[in-house]
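Asker: I need the structure of the sequence given here:
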Amino acid sequence: MASLLFAIIALLYASVGQAGGTAFLSLMAFFGMSSTEMRPTALGLNIAVATYST
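Answerer: Down below sits the predicted model:
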């Protein structure tokens, strides 16, 4: 479920030229990830989506 939501967010944000870092952080907080896991995961996802959109 979470991976599907991450993919949808990445697709929507990439379609308008953004990377979606804030949406990734809010989704991870919703699913109860710890803050030490959230930061590097959001950064990695943000880099991947930004690279794909450019």
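Asker: So in this protein, which helix runs the longest?
Answerer: When the chain is parsed with DSSP state H, its longest helix is helix 35-53.
Asker: Identify all contacting residues around it.
Answerer: Contacting residues not belonging to helix 35-53 are listed as 6, 10, 13-14, 17-21, 24-25, 28-29, 33 [C-beta atoms under 8 Å, 6 or more residues apart in numbering]. Using the backbone N, CA and C atoms, a C-beta is placed for each residue, glycine as well.
Asker: what about it, distance to the chain center?
Answerer: From the chain centre to the centre of helix 35-53 is a distance of 6 Å (C-alpha atoms, centre = their mean, to the nearest Å).
Asker: Now list the buried members of the contacts of helix 35-53.
Answerer: Phe6, Ala10, Tyr13, Ala14, Ala19, Gly20, Gly21, Phe24, Leu25, Met28, Met33 (16 or more other C-beta atoms under 10 Å).
Asker: From the residues you listed, which land in helices?
Answerer: Phe6, Ala10, Tyr13, Ala14, Gly21, Phe24, Leu25, Met28.
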